[in-house]
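Enquirer: Sequence and predicted model, in that order:
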Amino acid sequence: MTRRPVHVAKNDGNRLCAICRGKACEWYVYARKIESHNNTDYVVITMQRDHAHTCSQVLDQRWLTSKWLVERYLEKIKANPHIPLSAIRQCVDEEFGLKVGRMKAYRARDTALEGIFGKAGRQYRKLFDYKSELERTHPGSSVHINTYYHRIILHAVVPFQCAVDAVDPKGDAFSLSDERSKKKITMLDVVRANTFVAEVLGLDPREVSVPVVGGHAGVTILPLLSQVKPACSFTKEETEYLTSRIQNGGTEVVEAKAGAGSATLSMAYAAVKFADACLRGLRGDAGVIECAFVPSQVTELPFFASRVRLGRSGVEEIYPLGPLNEYERSVKSVVSLEKAKKELGGSIDKGVSFAKKFQA
């Protein structure tokens, strides 16, 4: 690679013309397609006389996108799903002499793994299909899907998304009685959001508050970066980086541990932090506000995570989402409220259907 801004000016399938868009650079090449040895190649017809560029090299290679990286290194990622980002960046450097950013390599690996294994939420939803298939092929067998609870004062569920909607804090099939006491926490996502945003802002995570709404799987996790406290603003690139990292925080820990463990410490910290908030609410403290996944009318979905006020009787008030910025609203964004609701709706339907079968 020459690190020059070469542009394909014409390519009609048989003829190709490429020029350099570098300042005052007259480099060009004309080529024609030929058939040889069962392969399609191009032969150079005309080229700038000394074959040399007169412009300077550029570091910004716009063709070097995460999509291109996926196409180039898909087999390598498939062979090693835990391939370090540094290894992908090193491959690009060694093969093409180009530098690729850590976030671009991360997006490429994440996209490749999603194509290979499917989205996390959809993988979890397949558990119910596996259960049905096991019951069909092994008549008389009992197959159970369990969620796990950290028993403090409440049952802090660290589940897969669709099971959240099927199970109440006591582990019984979900019913609508005493809804205010049912609080499926999203504190784990809030803890990660506060930590990652604090890193970017150079602050203590305890001084940062990021509301996280939606659900607890992949794109259903929607951090409202427009409502961060203390107030701040992020570029589009920073927003995409932070959102992706918050959504994939658990995967990042699993990969760092090379599959030998999960994010157990952050789960425990989130559970304790939420339990403390519940205790303060039971004590009658004013203004105890946290994010929780609850039966809600904030959106058209029957369940949704948003900011709630905790008190002596549980969830005493559910707050609206508040003003969203263009990135959080736009369906064209990598992540948006509409995309989160669409994915979450499928998980809720699956969980509720499972609960009804369980009760029957």
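Expert: Structure's in. What do you need?

Enquirer: only C-alpha atoms for contact and neighbour calcs from this point on.
Expert: OK.

Enquirer: any chance you could map the strands in the stretch 251-360 of the chain?
Expert: Applying DSSP state E, counting those that start in this stretch to the stretch 251-360 of the chain gives strands spanning 288-295, 303-311, 314-318.

Enquirer: Count the neighbours of residue 117 for me.
Expert: Residue 117 is flanked by 12 other residues according to other CA atoms under 10 Å.

Enquirer: mind checking how far it is from residue 74?
Expert: Here the criterion is CA to CA, to the nearest Å. By it, residue 117 lies 12 Å from residue 74.

Enquirer: so who does the closest residue in space to residue 273 that isn't next to it in sequence touch?
Expert: On the basis of CA to CA, 6 or more residues apart in numbering, the spatially nearest residue to residue 273 that is not a chain neighbour turns out to be residue 187, at 7.8 Å. Contact partners of residue 187, counting by CA atoms under 8 Å, 6 or more residues apart in numbering, are 270-271, 273-274, 290-292.

Enquirer: re earlier: could you say which one of the strands of the stretch 251-360 of the chain comes nearest to residue 347?
Expert: strand 303-311 (10.4 Å; CA to CA).

Enquirer: Name the residues that touch that closest one?
Expert: Here strand 303-311 has contacts from 165, 186, 211-215, 277-278, 280-298, 315-321, 348, using CA under 8 Å, 6+ apart.

Enquirer: Weed out the non-buried ones from these.
Expert: 165, 186, 211-215, 277-278, 280-281, 288-296, 315, 318, 321, 348 (16 or more other CA atoms under 10 Å).

Enquirer: hang on, the earlier thing: give me the lowest-pLDDT entry from the contacts of residue 187.
Expert: Within the contacts of residue 187, residue 271 has the lowest pLDDT, namely 84.

Enquirer: measure that residue to residue 294 for me?
Expert: Distance of residue 271 to residue 294, computed by CA to CA: 16 Å.

Enquirer: Residue 351 too?
Expert: On the measure of CA to CA, residue 351 and residue 294 end up 14 Å apart.

Enquirer: For residue 171, report the pLDDT, please.
Expert: 36.

Enquirer: err, residue 69, not the other one
Expert: 91.

Enquirer: burial count for it?
Expert: 22.

Enquirer: what's the answer for the one 5 residues further on, then?
Expert: Other residues lying near residue 74 total 20 when counted by other CA under 10 Å.

Enquirer: Can you list phi and psi of the closest residue to it other than its chain neighbours for me?
Expert: Leaving aside its sequence neighbours, residue 74 sits nearest to residue 112 (CA to CA, 6+ apart; 6.2 Å). Backbone geometry at residue 112, expressed as degrees, to the nearest 10, gives phi -60, psi -50.

Enquirer: tell me the contacts of residue 112?
Expert: 70, 74, 77-78 are the contacts of residue 112 under CA under 8 Å, 6+ apart.

Enquirer: again, only this time at 10 Å
Expert: Residue 112 makes contacts with 66-67, 69-71, 73-75, 77-78, 81, 106, 118, as judged by CA atoms under 10 Å, 6 or more residues apart in numbering.

Enquirer: picking up where we left off before, between the contacts of residue 187, which is closest to residue 342?
Expert: Taking CA to CA as the measure, residue 342 lies nearest residue 292 of the contacts of residue 187, at 18.9 Å.

Enquirer: partners of the closest one in the sheet?
Expert: Beta bridges link residue 292 to residue 185, residue 306 when assigned by DSSP bridges.
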